[in-house]
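model the following, please.
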Amino acid sequence: MKQLNPALAEHLQGNCTTLCWCWQVTRRDGVKQGFTDHDRQLIFLGVVFEAAAGFTGTDVEASLGLAVNNMDVEGAFSSDRITESDIAAGLYDDAEIVLYRVNWQDTSQREVMQRGNIGEVSRGEHAFSAELRSLAHRLNQSTGRTYQYGCDAELGDSRCGVDLQSPENKGAGSVTTVKDRVFTCAGLGGFPADRFSWGQLHWITGANKGARVKIKVHKLTEEGAAELTLWQAPVQPIVAGDSFEVFAGCAHTFAACKEKFANAVNYRGFPHMPGPDFILSYAEQDEQKNDGSALVK
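Here you go, the predicted model:
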């Protein structure tokens, strides 16, 4: 059974209680924010818990075992600290959450009721909804290496060994023409097609300055200009003249590692593992491969 703060426990035994909920959010960029369903702001642990009108949470459920406990928080974009652009940019994805039960007359009388992370965040025209997951959800995440075809290293990390700062893997350019999330650009003419497919793009100027996005396809137009297609449209519109940096990307296949980066020796997958096609195959009398030689050379 949970042991409460003695002062808070004594307060709960009284005839009248003055309780509220407080949420402390630590975003992916390290910014800490506080919100409360009380009608005025509270301050403790160096965090200002803003009285968020229209900011409500569902019942908190806790169960024995390792099941993931969830609750939902809904609110309007009434706080200047919660913006649609920040939510769309993913700053609240997997953000750390601490849920407090607080005596608003004396904030030293408080207790941590739940810790977890923000799961799915959905947004509408005027409001958002966020799912809060307990720490048990971490047990559902894959850890360690997986026996699979694809490489599980991040391009450019110590296990991969590819230098993303080298001239052949890094470029800079500016937008010339744009249509939604597809645009042509100047400055990348010296790179072959597909070099930046699966790579990252960092906006240097424009309305999306500071944002990082994933590149889906890098190809060349008939005129020889580079054309980039993003996986998702950025939060703010792209306009001609926006400048950026791009870094090479990898499809995490053995072919990409060998042919695109000449880095097969550091491939962190298992490209020769037998699959269903090998299991279901059978020998044929006239097949030339049945000579006892190695299948993979």
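
excluding its backbone neighbours, what's nearest residue 160?
Among residues not flanking residue 160 along the chain, residue 153 sits closest, at 4.3 Å (CB to CB, 6 or more residues apart in numbering). Placement of C-beta: from N, CA and C, glycine included.

contacts only, for that neighbour.
159, 160, 266, 268 (CB atoms under 8 Å, 6 or more residues apart in numbering).

wasn't it part of a strand?
No - read with DSSP: H, G, I helix; E, B strand; the rest coil, residue 153 is coil and lies in no strand.

all further residue positions should be reported with the first residue as 13.
Right, with 13 as the first residue, what we last looked at is residue 165.

how many neighbours does the nearest residue to residue 160 once chain neighbours are set aside have?
Closest residue in space to residue 160, ignoring its immediate chain neighbours: residue 281 at 6.1 Å, by CB to CB, 6+ apart. Using other CB atoms under 10 Å, the number of residues around residue 281 comes to 19.

distance check, residue 281 against residue 268.
For residue 281, the distance to residue 268 (CB to CB, to the nearest Å) stands at 11 Å.

what ranges do the helices span in the stretch 13-162 of the chain?
Secondary structure of the stretch 13-162 of the chain by DSSP state H, counting those that start in this stretch: the helices cover 18-24, 96-100.

which one, of these, ends up nearest to residue 61?
Of all the helices of the stretch 13-162 of the chain, it is helix 18-24 that lies closest to residue 61, at 16.3 Å by CB to CB.

list the buried residues of the closest one.
Neighbour-count burial for helix 18-24 flags 20, 23 (criterion: 16 or more other CB atoms under 10 Å).

re earlier: for the contacts of residue 165, which one is nearest residue 61?
residue 171 (41.7 Å).

surely the closest one touches residue 278?
Yes - with contact defined as CB atoms under 8 Å, residue 171 reaches residue 278; the gap is 7.1 Å.

who's more crowded, these two?
Taking neighbours as other CB under 10 Å, residue 171 and residue 278 compare with residue 278 leading, 14 against 11.

check contacts around residue 34.
Residues near residue 34 by CB under 8 Å, 6+ apart: 46, 47, 48, 50, 54, 61, 111, 112, 113, 114, 122.

ok, so what distance separates the fifth one from residue 41?
So that's residue 54. To residue 41, residue 54 is 24 Å away according to CB to CB.

more neighbours, these two?
Per other CB under 10 Å, whichever of residue 54 and residue 41 has more neighbours is residue 54, with 20 against 11.

that one against residue 117, yeah?
No - in this structure residue 54 lies outside contact range of residue 117 using CB under 8 Å: 10.2 Å.

okay, residue 110: pLDDT?
Reported pLDDT at residue 110 in the predicted model: 88.

please name the nearest non-neighbouring residue to it.
Nearest residue to residue 110 in three dimensions, chain neighbours excluded: residue 36, at 4.4 Å (CB to CB, 6+ apart).

ok, residue 122 - contacts?
17, 20, 34, 56, 112, 113, 114, 115.

just flag the most distant two among those.
Comparing all pairs in those by CB to CB, the longest separation belongs to 17 and 34, at 13.8 Å.

wait, what's in contact with the spatially closest residue to residue 254 that is not a sequence neighbour?
Once flanking residues are discounted, residue 254 sits nearest to residue 218: 3.4 Å by CB to CB, 6+ apart. For residue 218, the contact set (CB under 8 Å, 6+ apart) comprises 248, 250, 251, 253, 254, 255.

widest-spaced pair of those?
Counting by CB to CB, the most remote pair of the contacts of residue 218 is 248 and 255, 14.5 Å apart.

please name the bridge partners of residue 114.
residue 32, residue 122 (DSSP bridges).

how deep is it tucked in, by neighbour count?
Residue 114 has 23 neighbouring residues, counting by other CB under 10 Å.
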